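I need the structure of the sequence given here:
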Amino acid sequence: MTIRIREARPAEYGVLGELTALAYLKDGLLDFGASDSYLTELRDVAKRAAAATVLVAVADDVLLGGVTFVPGPGPMADLADGDEAEIRMLAVDGAARGRGAGAALVRACVERARALEGCGRIVLSTQRTMESAHRIYERLGFVRTPERDWNPLPQLDGITLLTYELTL
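All right, here's what the predicted structure looks like:
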């Protein structure tokens, strides 16, 4: 199976949005108060594509997963500051996991960040329970930056997103 990474096509936005939402739900990642609003955000690929770059992993014309590459500070950035790019909303269909799609998507984001003039780092947030994603990030050279960990829902205690960065 050859995995290709390319920009998502508008005709794929609905499928990718559902794939992303289902991946987060099945992994138990939306077990906090604002689940509904974040599910809406995960499903709204058109909104993400208007403000950033949405990449997909495809094999044999089957959509395996996707990721949002944010080239710097802006409306889609949670962390990116100054000379940083950001990875958001990485998701791989449950049936396609373990085949390298997630790593291929992250590598594609790193390549895009390296191609950006003046970009010195690529950053991301992740939940504690996303251990398979953590392994991908660490294998590709990302390091934890606990000083940047943050709570996306300050009104709820105990939700801390872990952060990673890769110096380019």
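
so how far is Pro75 from Ala49?
Separation of Ala49 from Pro75 (CB to CB, to the nearest Å) stands at 12 Å. For glycine as for every other residue, the C-beta is placed from the backbone atoms N, C-alpha and C.

what's the answer for Asp93, then?
Between Asp93 and Pro75 the distance, using CB to CB, works out to 27 Å.

quick one on the thing from earlier: neighbour count winner among Ala49 and Pro75?
Between Ala49 and Pro75, counting by other CB atoms under 10 Å, Ala49 is the more crowded of the two (18 against 10).

what residues does the nearest residue to that one once chain neighbours are set aside make contact with?
If you skip the residues right next to it in sequence, Ala49 has Ala8 as its closest partner in space, 6.4 Å away by CB to CB, 6 or more residues apart in numbering. Contacts were defined as CB atoms under 8 Å, 6 or more residues apart in numbering; by that measure Ala8 touches 16, 45, 49, 54-56, 66.

what of Gly120?
Contact analysis of Gly120 by CB under 8 Å, 6+ apart lists 83-84, 167-168.

how about the helices of this structure, start to end?
Taking DSSP state H as the criterion, the chain contains helices spanning 13-26, 35-43, 45-51, 101-115, 131-139.

ranking the ones you listed by mean pLDDT, which is last?
Within these, the stretch with the lowest mean pLDDT is helix 35-43, showing a mean of 80.

tell me what that helix is packed against?
helix 13-26 (3 or more CB pairs under 8 Å, 6 or more residues apart in numbering; DSSP states H and E).

which residues sit against the helix it packs on?
Contact partners of helix 13-26, identified using CB under 8 Å, 6+ apart, comprise 8, 30, 38-39, 42-46, 49, 54, 56, 63, 65-66, 89, 91-94.

just the buried ones among these, please.
Of the members of those, the ones counted as buried by neighbours, 16 or more other CB atoms under 10 Å, are 8, 30, 38-39, 42-43, 45, 49, 54, 56, 63, 65-66, 89, 91-93.
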